[in-house]
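Visitor: give me the fold of what follows.
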Amino acid sequence: GTSTGEEAYTLAMLIASLGRRPRVLGVDRAVDAVARGREGRYPLEAARDLPAPLRRRYVASQGGELVL
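Guide: Residues are numbered from 1 along each chain as shown. Model (predicted):
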């Protein structure tokens with residue numbers, strides 16, 4: 001399972017940074033977790049370990065949240 005999608009989004013960013021078109025599928029048994037991941041909105045703290053170049057290129061902040 002990928003919970004709320006952070007891992008899948010990070011993997012997609014890494015693949016895209018290599019110049020490839022990412023095709024990543026995140027799944028989980030928890031329907032509400034998948035729904036949250038599909039929104040692509042996370043607390044700012046969720047990107048604290050994301051390297052700055054990836055954060056600058058693929059992540060926006062809006063209303064105190066990260067938007068992917």
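
Visitor: name the residues of stretch 44-56 that come out as buried.
Guide: Going by neighbour count (16 or more other CB atoms under 10 Å), the buried part of stretch 44-56 is A46, A47, L50, L54, R55. No exception for glycine: its C-beta is placed from N, CA and C like everyone else's.

Visitor: and the furthest pair within those?
Guide: Across the buried residues of stretch 44-56, the longest distance by CB to CB is 12.7 Å; it joins A46 and L54.

Visitor: might you report the residue contacts of the spatially most central residue of the chain?
Guide: With distances taken as CA atoms, centre = their mean, the residue of the chain nearest its centroid is Y9 (3.1 Å). Shown in contact with Y9 (CB atoms under 8 Å, 6 or more residues apart in numbering): V24, G26, G37, G40, L68.

Visitor: which secondary structure elements does whichever strand or helix holds the third one contact?
Guide: Assigning secondary structure by DSSP states H and E places G37 in helix 31-39. When contacts are defined as 3 or more CB pairs under 8 Å, 6 or more residues apart in numbering; DSSP states H and E, helix 31-39 sits against helix 6-17.

Visitor: how many degrees apart are the helix it packs on and helix 31-39 in direction?
Guide: 30 degrees (axes from the mean of the first three to the mean of the last three CA atoms, to 10 degrees).

Visitor: so where's the protein uncertain?
Guide: Filtered on pLDDT under 70, the chain yields the residue ranges 1-2.

Visitor: which one in it is furthest away from the centre?
Guide: Most distant from the centre of the chain: R29, at 18.2 Å, with distances by CA atoms, centre = their mean.
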